[in-house]
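Peer 1: this is a predicted model, with the sequence first.
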Amino acid sequence: MLSMFSSLFANKYLFLQMLKRDIEQRYRGSQLGFLWAFFYPILMLLVYTFVFGMVMRVKWGVEGQDNIDFGLILFAGLLCHSLMTEVVTSSVASITSNVQYVKKVVFPLEILALVNIANAVFHMFLGTLILLAIYLISGNSLHWTMLLAPVVLFPFIVFLIGLSWFLAVMGVYVRDLGQIVGVMMTVLMFLCSIVFPFERIPEVLQPYVLWLNPLTIIVEQLRAVMLFGQLPNWELLGIYTIGAFGMLFVGTWLFQRTRDGFADVI
Amino acid sequence: MVHTIRRSRLALLRCYGHRRFIVTSIKNEFVVRFAESKLGALWAVIHPLSQVLVFALVLSNVLSAKLPGIDSKYAYAIYLMAGILCWSLFAEIISRSTRLFIDNAGLLKKIKFPKLALPFIVLGSSLFNFMLLLIASVVVFLFLGHSFNLSTFWLIPITASLAIFSIAIGLILGVLNVFVRDIDQGVPIVLQLLFWFTPIVYPISIIPESYRWLLAYNPVYPFVDAFQRILVNGLQPDYEKLSFSMIFICVLVVIAAKVYSSASEEIVDVL
């Protein structure tokens, strides 16, 4: 497992170049260019606030949190969801769409997934800046617990690294995976506490939503530290971290085991 | 104007000459989709159906408001399905035709064929996907004990006008996208916005009165409304709402013809 990460260290220059290229490529040719990276989250924030806040009138009726805009609560959840969507969709195709790296040259294939994650994390970081800006503009003051946000996100990213290696392998063998994953991400968005509070989910589903949806715990803890000024629920986060390392282990193991066969399959 | 009409007629005639090419391309697309993945074109059905399932499962709880007009316990699921059926045709045509010329840049540069054949291919295969989804929805409706009446046949002209409406917008966007690539970034966002601003997932009755006037500016709403009236309530479409859309469609077609004919020569050079 360590060899996967020491490879990142050895190829750090390559990694950074690919990351830069991927970010630039996304906005290449458009007039507004990089500004789109800011537009997208702001527009999404507006839509979901309108639909779920004003039309469906979802309320986060938790005590002492009335002053925090519905939109911000929503946004914190959406940030996590779009991070995962980006990682998942790009990693499914990370091997199959880079045939030249698999077949023609000796290339550290494990880097591809890490580049995708770094790209997605970078966009999430921009989103977080917007979140904080709106948070401050609407007259709130920052909580010191905000500093714990990286602690909350760490297990999530560990989980995503494992997942993306896992999906990169599965993407080679299961051709419908891209479609399945698209459907899954919609399911994960609505069977989660992103657009409405956890308590509004049908009670029968609640335990499944909490333990089977990898977003729920993270979304809840991220809101706690960033918006409500609360400490994270260490117990949930601890269990999650164990699970995340489990996923990392499975992903790494599977990737190392199957990587030599990629060239024969694609 | 006369110039535009003459050129459009010529372009359409040339497409007619290439009708076999269009038909084989549509067929080919499906063959390729099944070759690439096991369930192939069926994903065009599975995706919207699973969306309906998730929304029905989760949001029927959140949306405490009941739907007026029918009392079936599956009313919400049927309502959702009707809306998503309509939306998926619109969204598929728009998002595919936006990237039409860009994605086929290689083809356009190398082979001589009428460019206008490309939107017809998109139209054909999107309508085919729509038919698959329609059949699946009808099966689900019957399964849920929902019945149909004669007004169901209204779906034919409504779908046809929706398709023309969508392809006209799509063609305009597709041409502009060749020159201004920002369209490519903007269209998915606008589609998302529009999806949520259209009463598909929620009934119109729960929109606060103060925001309801916004719907008059939603060009997709008359179609979604017609689908819902026909499939959910078994009523005829609302002629008043649609008559305005019909005029709008005519204007769009003229604009599309104008945009296309004035840019068609440059497209290949810019790509």
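Peer 2: That came in fine, so what should we check first? Values in this document were obtained by computation on a predicted structure and should not be read as measured data.
Peer 1: give me the element the most centrally placed residue in chain B is part of.
Peer 2: Central residue check for chain B by CA atoms, centre = their mean: the C-alpha nearest the mean position is that of B:Phe90, 1.5 Å away. Assigned by DSSP states H and E, B:Phe90 belongs to helix B:75-98.
Peer 1: next: A:Val106.
Peer 2: Going by DSSP H and E, A:Val106 is not part of any helix or strand.
Peer 1: and it, backbone torsions?
Peer 2: Here is the backbone geometry of A:Val106 (degrees, to the nearest 10): phi -80, psi 110.
Peer 1: any idea how far chain B is from it?
Peer 2: 28 Å (CB to the nearest CB, to the nearest Å). Bear in mind the C-beta positions are built from the backbone N, C-alpha and C, glycine included.
Peer 1: how deep is that residue tucked in, by neighbour count?
Peer 2: 6 (other CB atoms under 10 Å in any protein chain shown).
Peer 1: and it, what does it touch?
Peer 2: The contact partners of A:Val106, taken as CB atoms under 8 Å, 6 or more residues apart in numbering or on different chains, number zero.
Peer 1: coming back round to it: what sits closest to the residue nearest to the centre of chain B if chain neighbours are left out?
Peer 2: B:Ser166 (5.0 Å; CB to CB, 6 or more residues apart in numbering or on different chains).
Peer 1: do A:Tyr101 as well
Peer 2: A:Phe107 (4.2 Å).
Peer 1: just the pLDDT for the one you found.
Peer 2: Here the pLDDT value assigned to A:Phe107 is 80.
Peer 1: just checking, A:Leu74 touches A:Phe50?
Peer 2: No. Counting by CB atoms under 8 Å, A:Leu74 does not reach A:Phe50; the two are 10.6 Å apart.
Peer 1: before we move on, back to that, would you mind writing the CA trace of the helix holding B:Phe90 as PDB?
Peer 2: In PDB, the C-alpha atoms belonging to helix B:75-98 read as follows (Å, rounded to 0.1, in the frame of the first residue of the first chain):
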ATOM      1  CA  ALA B  75     -50.500  10.000  -7.600                       C
ATOM      2  CA  TYR B  76     -47.100  11.600  -6.800                       C
ATOM      3  CA  ALA B  77     -45.200   8.900  -8.600                       C
ATOM      4  CA  ILE B  78     -47.400   9.200 -11.700                       C
ATOM      5  CA  TYR B  79     -47.100  13.000 -11.600                       C
ATOM      6  CA  LEU B  80     -43.300  12.700 -11.400                       C
ATOM      7  CA  MET B  81     -43.100  10.300 -14.200                       C
ATOM      8  CA  ALA B  82     -45.200  12.400 -16.600                       C
ATOM      9  CA  GLY B  83     -43.000  15.400 -15.900                       C
ATOM     10  CA  ILE B  84     -39.700  13.600 -16.200                       C
ATOM     11  CA  LEU B  85     -40.800  11.900 -19.400                       C
ATOM     12  CA  CYS B  86     -41.300  15.300 -21.000                       C
ATOM     13  CA  TRP B  87     -38.200  16.800 -19.400                       C
ATOM     14  CA  SER B  88     -35.900  14.000 -20.500                       C
ATOM     15  CA  LEU B  89     -36.800  14.500 -24.200                       C
ATOM     16  CA  PHE B  90     -36.200  18.200 -23.900                       C
ATOM     17  CA  ALA B  91     -32.900  17.900 -21.900                       C
ATOM     18  CA  GLU B  92     -31.500  15.200 -24.100                       C
ATOM     19  CA  ILE B  93     -32.100  17.100 -27.400                       C
ATOM     20  CA  ILE B  94     -30.700  20.300 -25.900                       C
ATOM     21  CA  SER B  95     -27.600  18.900 -24.300                       C
ATOM     22  CA  ARG B  96     -26.700  16.700 -27.300                       C
ATOM     23  CA  SER B  97     -27.200  19.300 -29.900                       C
ATOM     24  CA  THR B  98     -25.200  21.800 -28.000                       C
END
